[in-house]
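Trainee: Okay, predicted coordinates and the sequence, questions at the end:
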Amino acid sequence: MVWLQYAATRRQRAATAGLFLTGALLIAVAARLSYANVEPQRAKAAERRKVLEAFIARKRAAVGGAGDSRSQPDPPKA
């Protein structure tokens, strides 16, 4: 099968160019919007990470503190 057996008409070339430019414009707009929203998303992720790390630290301290008090022997009674 031979593709493009005949030359495209002026109208077909204009339509192809128009569709190509429209697609390129949509990609450019999407990239711009994506980069515009990067910093707020990074800030939210950093805040979530800090909250999660604080939560884990509190849980570790609670578990570690309870384990330490139980592992120490009672003082001798006189």
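Mentor: Received, thanks.

Trainee: residue ranges with poor pLDDT in the chain?
Mentor: 1-4, 65-78 (pLDDT under 70).

Trainee: Show me what the longest helix anywhere in it is packed against.
Mentor: Ranked by residue count and defined by DSSP state H, the top helix of the chain is helix 38-71. Other helices and strands packing on helix 38-71, by 3 or more Cβ pairs under 8 Å, 6 or more residues apart in numbering; DSSP states H and E, are absent; none qualifies. Backbone N, C-alpha and C define where each C-beta goes, glycine included.

Trainee: Could you tell me how far that helix lies from the centre of the chain?
Mentor: Centroid separation for helix 38-71 versus its chain: 21 Å, with Cα atoms, centre = their mean, to the nearest Å.

Trainee: ok, the residue nearest the centre of the chain to Ala28 distance?
Mentor: Closest to where the C-alpha atoms of the chain average out (Cα atoms, centre = their mean) is Gln41, at 7.2 Å. Separation of Gln41 from Ala28 (Cβ to Cβ, to the nearest Å) stands at 20 Å.

Trainee: Kindly report the same for Pro40.
Mentor: Distance from Pro40 to Ala28, by Cβ to Cβ: 21 Å.

Trainee: can you check Val51 too?
Mentor: 36 Å.

Trainee: Kindly report the same for Ile56.
Mentor: Relative to Ala28, and taking Cβ to Cβ, Ile56 is found at 42 Å.

Trainee: distance between stretch 13-25 and the chain's centre?
Mentor: Worked out by Cα atoms, centre = their mean, stretch 13-25 lies 31 Å from the chain centre.

Trainee: Return the residues in contact with Pro40.
Mentor: Contacts for Pro40 (Cβ atoms under 8 Å, 6 or more residues apart in numbering) come out as none.

Trainee: gap between it and Gln5?
Mentor: When Pro40 is compared with Gln5 (using Cβ to Cβ), they lie 53 Å apart.

Trainee: what do you get for Gln12?
Mentor: Going from Gln12 to Gln5 by Cβ to Cβ gives 14 Å.

Trainee: next one: Ala62
Mentor: From Ala62 over to Gln5 (counting by Cβ to Cβ), the distance is 78 Å.
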